[in-house]
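In: structure, please.
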Amino acid sequence: MRIYPLVFKHVFTKMDPEQAHHFAFNAIKIAQSAGLTKVTRKFFAPAPKLKRTVMGIDFPSPFGLAAGFDKGATGIVALSDIGFGHVEIGTVTGQAQPGNPQPRLFRLVEDRAVINRMGFNNEGAERVAARVSNARQALKSDYDATRPVIGVNIGKTKVVELEDAVGDYLASTRQLAIHADYLVVNVSSPNTPGLRLLQSVESLRPLLSEVGQLADNVAGRHIPLLVKIAPDLSDEDVAEVAQLAVELELDGIIATNTTIGRDGLKSDSAKVQEIGAGGLSGAPLKQRSLEVLRQLRSLVPEQMALIAVGGVENAQDVKDRLDAGANLVQGYTAFLYEGPFWARSINKGLERIL
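Out: Numbers count the residues shown, from 1 in each chain. Prediction:
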């Protein structure tokens with residue numbers, strides 16, 4: 001199981017990070033297509049004692065995969081088969097878009113971190129929706145017990161002006177809500193110009209209200225709605241978002257997205273400066289994301305779900321987030337460093353710790 005870190009060190013570090021991501025992800029999907037992940041599913045499956053109900057949904061484990069890894073919903077079943085209790089796909093936009101120019105993904109190995117400025121590259125809501133629908137049906141038929149959960153993360157198309165953002169989010173909602181177990185409004189990526197301005201309460205209120213209403217109408221059932229916020233918000237801004245979430249009776253908040261900060265990095269400062277703009281994720285985000293989580297839990301009611309993400313590397317990190325008030329925990333960056341046994345390792349660790 002420790003073979004992957006050696007492969008990462010001697011093979012993937014010599015490849016362009018985005019190319020290495022596609023190579024590794026494709027390998028997992030090929031294994032699923034060949035039926036290998038189905039055969040080994042019991043080996044990867046979380047223990048029944050890890051099951052929990054959040055937002056009225058049964059999750060086989062509190063640990064899942066954050067948005068950003070499977071942007072186009074091409075590997076939901078494969079990722080579920082290797083132990084993730086939920087897979088959040090996206091970010092998906094109303095219109096297809098190529099994202100920012102390459103290179104746009106950079107490793108900071110010394111920090112176990114990544115800087116990305118992908119720019120919501122995806123094939124658009126209509127095309128992704130068909131894949132989510134197929135994956136949902138496959139999981140329903142493949143899993144006798146509690147099936148892995150599918151979250152859908154939506155964002156703003158780059159060419160759409162901020163004043164038209166609500167309509168753009170609604171276009172994605174119209175296509176995707178019916179297929180989602182829960183829906184996330186992403187207003188916190190630093191890689192779409194102006195997007196974070198939507199985190200102001202004045203902009204968030206109509207956006208979340210209209211997306212939530214449309215999602216339920218389209219699906220004919222209540223679709224749990226969450227908002228994903230940045231770690232770079234001030235404590236006052238976090239408090240305002242929390243107050244709005246309570247006012248609108250949102251189902252939850254995801255804390256946090258990537259940071260534009262670069263403080264406390266071990267990596268060579270000249271290298272970091274050369275990389276330039278982008279969102280930093282991974283181990284350096286651990287402390288701030290935990291602080292935001294604790295603040296949110298002190299401000300929102302117990303029944304409001306909090307999903308913690310940022311700097312999660314091992315089972316102890318997951319337990320720390322659960323102890324701090326998270327209902328669910330997500331990871332992403334450490335997956336790139338640890339490989340396909342990572343979710344299983346965390347679930348096994350949780351089984352022992354809890």
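
In: and the pLDDT at the residue lying farthest from the centre of the chain?
Out: Distance from the centre of the chain peaks at A270, with 29.5 Å (Cα atoms, centre = their mean). On pLDDT, A270 comes in at 98.

In: ends of stretch 251-267, what's the gap?
Out: This stretch, stretch 251-267, spans 38 Å end to end (Cα to Cα, to the nearest Å).

In: can you give me the buried ones in it?
Out: D251, G252, I253, I254, A255, T256, N257, T258, T259, R262, L265, S267 (16 or more other Cβ atoms under 10 Å). Yep, even glycine has a C-beta here, placed from its N, CA and C like the rest.

In: do you know how far the residue nearest to the fifth one when sequence neighbours are not counted is from L225?
Out: Closest residue to A255 in three dimensions, ignoring its sequence neighbours and counting by Cβ to Cβ, 6 or more residues apart in numbering: V292, at 4.6 Å. Using Cβ to Cβ, to the nearest Å, one obtains 19 Å as the distance from V292 to L225.

In: try L176
Out: 12 Å.

In: between the two, which contacts overlap?
Out: Common neighbours of L176 and L225 (criterion: Cβ atoms under 8 Å, 6 or more residues apart in numbering): L183.

In: show the backbone phi and psi for the nearest residue to V54 once chain neighbours are set aside.
Out: Of all residues not flanking V54 in the chain, N327 sits nearest, at 4.5 Å (Cβ to Cβ, 6+ apart). As for N327, its main-chain torsions (degrees, to the nearest 10) stand at phi -90, psi -30.

In: run a quick neighbour tally on N327.
Out: By the criterion of other Cβ atoms under 10 Å, N327 has 21 neighbours.

In: what of L6?
Out: Neighbours around L6, by other Cβ under 10 Å: 10.

In: the one 10 residues further on too?
Out: Residue neighbour count, defined by other Cβ under 10 Å, stands at 15 for D16.

In: residues in contact with it?
Out: By Cβ under 8 Å, 6+ apart, the neighbours of D16 are Q102, P103, L105.

In: any idea how far the second one lies from A343?
Out: Using Cβ to Cβ, we find P103 at a distance of 28 Å from A343.

In: the two: which has the busier surroundings?
Out: A343 (24 against 12).

In: next up, phi/psi of the residue nearest to N257 when sequence neighbours are not counted, please.
Out: Spatially, and ignoring its direct neighbours in sequence, N257 is nearest to S188 (3.9 Å; Cβ to Cβ, 6+ apart). Torsion angles at S188 (phi, psi; degrees, to the nearest 10) stand at phi -130, psi 10.

In: burial measure for P284, as a count.
Out: Neighbour number of P284 under other Cβ under 10 Å is 23.

In: identify the residues contacting it.
Out: Applying Cβ under 8 Å, 6+ apart, the residues contacting P284 are D111, A113, T259, D263, G264, L265, G311.

In: need the three-state assignment for it.
Out: Assigned with DSSP: H, G, I helix; E, B strand; the rest coil, P284 falls in the helix class.

In: and stretch 180-189, how far from the chain's centre?
Out: Centroid displacement of stretch 180-189 relative to its chain, using Cα atoms, centre = their mean, to the nearest Å, is 9 Å.

In: can you give me the pLDDT of the spatially closest residue to G264 that is not a sequence neighbour?
Out: In this structure, G264 finds its nearest non-sequential neighbour in P284, 6.1 Å apart by Cβ to Cβ, 6+ apart. Looking at P284, its pLDDT reads 98.

In: ditto for S234
Out: For S234, the pLDDT comes out at 96.

In: just Y143 next, same as before
Out: So Y143 comes in at 94 (pLDDT).

In: who touches it in this structure?
Out: Per Cβ under 8 Å, 6+ apart, neighbours of Y143: none.

In: same thing with I178?
Out: V218, A219, G220.

In: check A78 too.
Out: A78 makes contact with I28, K29, A31, Q32, T37 under the criterion Cβ under 8 Å, 6+ apart.
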